[in-house]
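J.: compute the structure for the input listed below.
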Amino acid sequence: MKFIDLTIPLGVATPPWPTYEPLQVKYFKRLAPNGANGQIVTHSNHLGTHLDGEIHFHTPGRDIASLDLDFLIHEAAIVDLSDVCGDYDVYTSQMVEERVEVREGDILIIHTGYHHFGWDMPTADEVRYMVKHPGPDREFAEWARSKKLRWIGVDCGSADHPMNTIIRDWMPRQARQAEKVFKKKFGKTLAEFFDDTKYQLMHLEMFPYGIIHAECLGGEIDLLLNQRVTVGFFPWRFVDGESSIGRCVAIVDEETYETLMQKKASWPKTRFGDAYDPSHVERINQLSLANLAE
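T.: This is a model prediction of the structure:
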């Protein structure tokens, strides 16, 4: 058994979801004179690779400590949508099922490609990572419930479309860009497409059914696209936790691992040594330019 890390590095430069508390670290004791180094950290739960728990949006829901390991570790489908979605696009269940087999009760990991704009990447772009990534409409949420998906992971700031969150009001310049894309593709304004009945539907309409999200995945996810593999997420055993920072890994056999490491050897690396496929950014940029073209 071998592991592929799907977690982004966590440091003081890691962006939390907009307006949430960032990571702060300070030493409260040092080797001289205390004989040991010790740190105090403060942060929100929605920072780096983390798991949104049910009570993040659903008051009667389970806390993080109530999620057993059989729920958190299971077969998964990892789908790559970077060939079909650019800035502000809407992805569908059909796009997923055209690329990978999804079985009832699966974990579903969605590679939008926007982890390439994360803080650890040479193409880092925080606004694009948090504000411009693609997301789903209600059709996708209804499909996910019909599939009885266990949990969903995304490699960007949120499982909801950013323009279906309060970000739409906070970032008016990007909202105007998005509205141009939505009018061109769907013949609707943002307010008409994502009306009030759909607000944060991936959270508000999914968490009561126990379908929660891991957000800000990354690491070496590019090695495993459009494949079925076992995935595990390991949050704190956090009593009363609405969400938790954690570690996400894919579990592969030794033969598969050796093949993946051969692939990794030929790819460029992030500043922390994770392998990535730069062709994803090229595709996303082409799709995004087409979205915003007159």
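J.: all contacts plus neighbour counts: C-alpha atoms, from now on.
T.: OK.
J.: residue contacts, I167?
T.: By CA atoms under 8 Å, 6 or more residues apart in numbering, I167 lies in contact with P18, V131.
J.: 7 Å - rerun?
T.: Applying CA atoms under 7 Å, 6 or more residues apart in numbering to I167 gives the contacts V131.
J.: now swap in D155 and tell me
T.: D155 neighbours (CA under 7 Å, 6+ apart): I110, H111, T112, G113, Y114, H115, E215, C216, L217, G218.
J.: measure it to Y114 for me?
T.: Applying CA to CA, to the nearest Å, the value for D155 to Y114 is 6 Å.
J.: and the next helix or strand past the helix or strand containing M95?
T.: With secondary structure defined by DSSP states H and E, M95 is part of helix 93-97. Downstream of helix 93-97, the first helix or strand assigned by DSSP H and E is strand 107-111.
J.: give me the contacts around that next one.
T.: 74-82, 149-155.
J.: tell me the pLDDT at V181?
T.: Looking at V181, its pLDDT reads 97.
J.: again, but for D5
T.: 98.
J.: wait, what's in contact with it?
T.: Residues near D5 by CA under 7 Å, 6+ apart: G219, E220, C248, V249, A250.
J.: over to T112?
T.: D80, L81, S82, D155.
J.: and the contacts of D155, which two are furthest apart?
T.: Spatial extent of the contacts of D155 (CA to CA) is set by the pair G113 and E215 at 13.0 Å.
J.: on that earlier part again, select only the buried ones of the contacts of strand 107-111 in ChimeraX?
T.: Burial among these is assessed by 16 or more other CA atoms under 10 Å; the matching ChimeraX selection reads:
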select :74,75,76,77,78,79,80,81,82,149,150,151,152,153,154,155
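J.: looking at the contacts of strand 107-111, which is nearest F186?
T.: Closest to F186, out of all of these and judged by CA to CA, is L81, at 19.2 Å.
J.: mind listing what that closest one touches?
T.: L81 neighbours (CA under 7 Å, 6+ apart): H111, T112.
J.: 272 is where my numbering starts, stick with that
T.: Okay, residue one is now 272; in that scheme the one you just asked about reads as L352.
J.: coming back round to it: so which of G384 and E486 has more stuff around it?
T.: For G384 versus E486, neighbours defined as other CA atoms under 10 Å are more numerous around G384 (30 against 26).
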